[in-house]
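**Q** here you go, sequence then predicted model.
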Amino acid sequence: MQVLGTDPQLWRVEVVLWTTNRAPRRETDLIDAVLQATMSSDFDDAACDVATARSYDIQRHAPDASVGIACWVRAGSVGGAADAAWAVVAPAADRLLDEPYQFWDLRVIPRSAILSGTTNATPLTR
C-alpha cells in the first residue's frame, strides 16, 4: 500500500476542490502527482492507494466542476492526517490545475472504521 507520512495510525483522507468546468480533466494528473509523493507501507489490507473522491455531504453536494483525491495517510492524529494530505494535494493542485480552485471538503476516516464492516456505509469497506 502507498501512503503519505510515517506515523503509526492509518487514515483515509479525501480532499475535494471546487474548480471550473475545465479542471476535472486534470484529475488523473492530480492523482498521479499525489501518488508520486507516497511511499510504500507495510499495511496491505485496505482498498486502493490513491483514487478520486467526491463530496457526499447531505446538506450540499460539490458542484459538477470539482476534483477530488483520496489517499492513505499515516499520522498520529486526525488533524495530522488532514494536514499531511493537504500539504501534498494543495501544491499539486496549484501546479496542475492551471486555474483557481476553492477548498470544498476534507474528510478523514480512521482505518478501523473502514475495516469494521459494511454497516458504516463507506465505499472503502473491503
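**A** Yes, it's here.

**Q** can you give me the strands in this structure?
**A** With strands called from DSSP state E, the chain shows them at 2-4, 9-18, 39-40, 50-52, 66-75, 102-110.

**Q** by mean pLDDT, show me the worst of those.
**A** The minimum mean pLDDT among the strands of the chain belongs to strand 50-52 (a mean of 82).

**Q** can you pull out the helices in the chain?
**A** Using DSSP state H, the helices of the chain run over 27-36, 78-96, 111-115.

**Q** picking up where we left off before, which among the strands of the chain is found nearest to Asp94?
**A** Relative to Asp94, the nearest member of the strands of the chain by CB to CB is strand 9-18, separated by 10.5 Å. Every C-beta, even on glycine, is put in place using the N, C-alpha and C of the backbone.

**Q** just send the helices of the chain back as TSV, with distance to Phe103, mean pLDDT and mean neighbour count too.
**A** As requested, these are exported to TSV (distance: least, CB to CB, whole Å; pLDDT from 0 to 100; neighbours: other CB atoms under 10 Å):
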stretch	distance to Phe103	mean pLDDT	mean neighbour count
helix 27-36	14	91	17
helix 78-96	8	95	17
helix 111-115	23	79	16
